[in-house]
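**Q** Pasting a predicted model and its sequence here:
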Amino acid sequence: MVSKKFTRFLAVGVIALFLGATWARAQVPPLIVDTDLDGVDDAIDECLPSDLSPTVVINGVNTGIPNTAANAVGCTLADLIQDIVELCLADAKNHGKFVSCVSHETNILKRARTISGNQKGKIQSIVAKMK
Ligand SMILES: [Ca+2]
């Protein structure tokens, strides 16, 4: 025979379990998807997939410039430089204008202290040799 006390004990236990599970479900943080594993949620990642190479490589040439971790919007330095090169290649009418475009864009990175003057020089020297 099951006593009333034991039945009540079981009922309270089941309710406690249900409430506990509900509480635990409420505590689960929203699902974060980070496809390129750069630490930035895909929902706000403007560079998918990111170039996580240790150094910045332009057109197959290693600049030796250390790549950075992704910024707040999910872009590494390699992503930014690649974007600049692609944008300038698409916009420039000739090689001179391409080199000038990269110079202009990397100047912005230099002023923002994202790259040093020496690093800007390395980038310029590589893009000047691109065909
Ligand atoms: Ca990214």
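**A** Now that the structure is in, tell me what you want to look at. Only a predicted model underlies this, so the values are computations on that prediction, with no experimental measurement involved.
**Q** How far does stretch 62-75 sit from its chain's centre?
**A** Its chain's average C-alpha position is 9 Å from that of stretch 62-75, according to CA atoms, centre = their mean, to the nearest Å.
**Q** no, scratch that, I was asking about stretch 96-107
**A** Counting by CA atoms, centre = their mean, stretch 96-107 is centred 25 Å from the centre of its parent chain.
**Q** for the longest strand anywhere in the chain, packing partners?
**A** When every strand of the chain is counted residue by residue (DSSP state E), the longest turns out to be strand 61-66. Here strand 61-66 touches strand 55-58, helix 77-91, helix 117-128, going by 3 or more CB pairs under 8 Å, 6 or more residues apart in numbering; DSSP states H and E. Using the backbone N, CA and C atoms, a C-beta is placed for each residue, glycine as well.
**Q** contacting residues for the nearest residue to residue 88 once chain neighbours are set aside?
**A** Closest residue to residue 88 apart from its sequence neighbours, by CB to CB, 6 or more residues apart in numbering: residue 101 at 3.6 Å. Applying CB atoms under 8 Å, 6 or more residues apart in numbering to residue 101 gives the contacts 87, 88, 91, 92.
**Q** Cheers, nothing more for now.
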